[in-house]
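Peer 1: give me coordinates for this.
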Amino acid sequence: MGARDLLDEARRELDAGNGKNAARLLTEAAYATRDAALEAEIRSLAQRGRDGAGRFGKGRWDEIVRIADLRTASSAKTEAA
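Peer 2: As a prediction, this is how the structure comes out:
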């Protein structure tokens with residue numbers, strides 16, 4: 001399953017109210033891609049999940065954003081070299 005497929009499945013899970021599964025899928029998608037457009041979608045969906053998360057669930061979503069940001073920064077360094 002590619003990053004796009006994982007992202008689409010995560011969106012469906014989040015729409016269905018399955019935040020935990022959506023977060024797991026988004027984490028996999030964040031690790032699987034280096035595409036800036038997909039990473040932006042991942043961040044956006046993670047923010048949506050975070051907004052709907054309870055007090056103790058926000059960290060899961062923050063981690064997804066952190067991973068996407070690290071992958072983006074890593075890609076930028078590689079391209080600059």
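
Peer 1: does Gln47 sit in a helix, a strand or a coil?
Peer 2: helix (DSSP: H, G, I helix; E, B strand; the rest coil).

Peer 1: tally up the residues packed near it, please.
Peer 2: Residues contacting Gln47 under the criterion other C-beta atoms under 10 Å number 14. For glycine as for every other residue, the C-beta is placed from the backbone atoms N, C-alpha and C.

Peer 1: and for Gly17?
Peer 2: Counted by other C-beta under 10 Å, the residues lying close to Gly17 total 9.

Peer 1: do the same with Ala40
Peer 2: For Ala40, the count of nearby residues is 12 (other C-beta under 10 Å).

Peer 1: with Asn18 instead?
Peer 2: Residues lying near Asn18 (other C-beta under 10 Å) number 14.

Peer 1: phi, psi of it?
Peer 2: With angles defined as degrees, to the nearest 10, Asn18 sits at phi -100, psi 70.

Peer 1: what ranges do the helices span in this structure?
Peer 2: Ranges of helices in the chain, per DSSP state H, are 3-15, 19-32, 36-52, 58-80.

Peer 1: mean pLDDT added to the ones you listed, as TSV?
Peer 2: TSV is the format used below for the helices of the chain (pLDDT from 0 to 100):
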stretch	mean pLDDT
helix 3-15	96
helix 19-32	95
helix 36-52	93
helix 58-80	79
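
Peer 1: so of those helices, which one's packed in deepest?
Peer 2: Comparing those by mean neighbour count (mean count of other C-beta atoms under 10 Å), helix 19-32 comes out on top with a mean of 21.

Peer 1: much appreciated, bye for now.
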